[in-house]
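S.K.: Need a 3D model of the following:
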Amino acid sequence: MEIKVLGTGCARCKSLEKVTTKAVNELNLDATIEKVEDIQKIMEFAVMRTPALVINGKVVITGQVPEISEVKEILTNNI
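M.R.: Alright, predicted model coming up:
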């Protein structure tokens with residue numbers, strides 16, 4: 001599973017990265033997590049609000065930092 005956390009480095013972006021990493025570890029998933037801070041690369045996903053979470057090329061969350069339970073559910077549904 002390929003996961004990207006899109007954001008320019010703000011506190012909310014860092015929080016999403018932490019929550020996502022924790023969820024991946026708790027679910028024991030085989031996944032790579034990449035933090036994307038380059039605005040041009042973020043725009044390639046047509047994301048207007050950060051932070052955003054991309055799983056296997058699909059944007060699944062934008063503009064929010066969800067609870068870990070929500071991230072786990074999203075990850076499970078996208079395996």
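S.K.: Can you tell me the centre-most residue of the protein?
M.R.: By C-alpha atoms, centre = their mean, the chain has its centre lying nearest to Leu53, at 2.7 Å.
S.K.: now that residue, what's its secondary structure?
M.R.: strand (DSSP: H, G, I helix; E, B strand; the rest coil).
S.K.: residues contacting it?
M.R.: 3-6, 16, 20, 59-62, 71, 74 (C-beta atoms under 8 Å, 6 or more residues apart in numbering). For glycine as for every other residue, the C-beta is placed from the backbone atoms N, C-alpha and C.
S.K.: In PyMOL, how would I select the buried members of those?
M.R.: Restricted to buried positions by 16 or more other C-beta atoms under 10 Å, the PyMOL selection for the contacts of Leu53 reads:
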select buried, resi 3+4+5+6+16+20+60+61+62+71+74
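S.K.: So the residue nearest to the centre of the chain versus Lys14, what's the distance?
M.R.: Distance of Leu53 to Lys14, computed by C-beta to C-beta, to the nearest Å: 13 Å.
S.K.: What's the local residue count around the residue nearest to Thr32 when sequence neighbours are not counted?
M.R.: Take Thr32 and drop its neighbours on the chain: the residue closest to it by C-beta to C-beta, 6 or more residues apart in numbering is Glu2, 5.7 Å away. Number of residues near Glu2 (other C-beta atoms under 10 Å) recorded here: 11.
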